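Asks: could you work out the structure for the sequence below:
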Amino acid sequence: MTAYDVSPDKLRRKCSSALLPFACTSDMIPLADFIGQERAMRAIEFGLGVNKPGFNIYVNGLTGTGKTTIIKSFLKKITAGMARPEENSSVPED
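Replies: Model prediction:
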């Protein structure tokens, strides 16, 4: 073994299940917000606050990083208290 080799038992950290406050992950309460996405959330809030024709929000990032999930969740949260447009309204439902 050289000075830079690491034995397999040092490559992982073991956590005792006795330390966890739940017996099964289905007992856990889901997070209400996204961790580590403060800048993205501020940008979405800003974009949704611009109420001008032709203004869109563009989301960029690696595939599988949760872009669609965060946008849908945030929009659901923001629009929960808003009134739905009337059937013959010129306001689009999206």
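Asks: sec struct for Asn56, please.
Replies: Three-state call for Asn56 (DSSP: H, G, I helix; E, B strand; the rest coil): coil.
Asks: for it, grab the count of nearby residues.
Replies: Using other CB atoms under 10 Å, Asn56 is surrounded by 6 other residues. All C-beta atoms are positioned from the backbone trio N, CA, C, and that covers glycine.
Asks: from Phe34, how far off is it?
Replies: According to CB to CB, to the nearest Å, Asn56 and Phe34 sit 21 Å apart.
Asks: one more: Phe22?
Replies: In terms of CB to CB, Phe22 sits 21 Å off from Phe34.
Asks: between the two, which is the more surrounded one?
Replies: Neighbour comparison, Phe22 and Phe34: the larger count goes to Phe34, with 14 against 10 (by other CB under 10 Å).
Asks: so what pLDDT did the residue nearest the centre of the chain get?
Replies: Central residue of the chain (CA atoms, centre = their mean): Ile70, 3.6 Å from the mean position. We have a pLDDT of 80 for Ile70.
Asks: same check, this time on the one 4 residues further on
Replies: Predicted confidence (pLDDT) for Phe74: 78.
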